[in-house]
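[1] missing the sequence, but the structure's below:
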């Protein structure tokens with residue numbers, strides 16, 4: 001992991017994201033998650049921002065993990081909508097003290113973050129953007145229209161990165 005982190009930083013990456021739900025993190029223990037975060041933050045050593053996925057289908061666990069990663073020095077959090085439980089719109093409106101990126105991946109969670117919720121969250125000073133991985137360009141265009149210029153729209157799917165960029169996306 002250390003070698004991979006050093007390589008990415010040396011290549012000029014803008015930041016590091018660890019514990020994404022479509023990677024190994026969904027099969028790791030909480031202790032393993034914390035060890036990855038600690039190691040990543042130590043190796044990166046402030047050279048680029050470190051964002052950590054703190055998702056869970058349990059709200060209390062997501063809050064606990066988010067606070068832990070924040071205290072460990074994470075620069076931002078990636079917050080997935082609670083998977084399996086299909087949270088309602090009001091249940092998705094929560095935050096912490098560091099920048100947070102929403103993660104819309106309904107193919108994995110069973111529900112999409114409603115555009116109205118993204119629009120509401122985009123006004124919160126700690127919500128900095130969204131990783132949009134539904135593959136639905138209509139949804140992405142609605143998001144692009146309802147958020148301000150300081151709200152980042154990232155493609156979560158390689159095949160729609162260029163279309164996301166064409167509607168004002170950030171990467």
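    That came in fine, so what should we check first? All figures in this text were calculated on a predicted structure; none of them were measured in a lab. Residues are numbered from 1 along each chain as shown.
[2] the residue minimising distance to the centre of the chain sits in which helix or strand?
    For the chain, the residue sitting closest to the mean C-alpha position, by Cα atoms, centre = their mean, is residue 78 at 2.4 Å. Residue 78 is part of strand 76-80 when elements are defined by DSSP states H and E.
[3] now for the helix or strand following that strand, which elements pack on it?
    Next along the chain after strand 76-80, taking DSSP H and E as the criterion, comes strand 100-104. Strand 100-104 sits against strand 76-80, helix 115-122, strand 127-132, with contacts defined as 3 or more Cβ pairs under 8 Å, 6 or more residues apart in numbering; DSSP states H and E. Using the backbone N, CA and C atoms, a C-beta is placed for each residue, glycine as well.
[4] what's the closest of these to residue 168?
    With distances scored as Cβ to Cβ, the stretch of those nearest to residue 168 is strand 127-132 (11.8 Å).
[5] buried stuff in stretch 1-12?
    By neighbour count, and taking 16 or more other Cβ atoms under 10 Å as the criterion, the buried residues in stretch 1-12 are 5, 8-9.
[6] please enumerate the strands of the chain.
    Under the criterion DSSP state E, the chain carries strands at the ranges 16-18, 50-53, 76-80, 100-104, 127-132, 152-155.
[7] the third one pairs with which strands?
    Put plainly, it is strand 76-80. Its sheet considered, strand 76-80 pairs with strand 50-53 (parallel), strand 100-104 (parallel) by DSSP bridges.
[8] what average pLDDT does the shortest one get?
    Along strand 50-53, the predicted confidence averages to a pLDDT of 94.
[9] sounds good, over and out.
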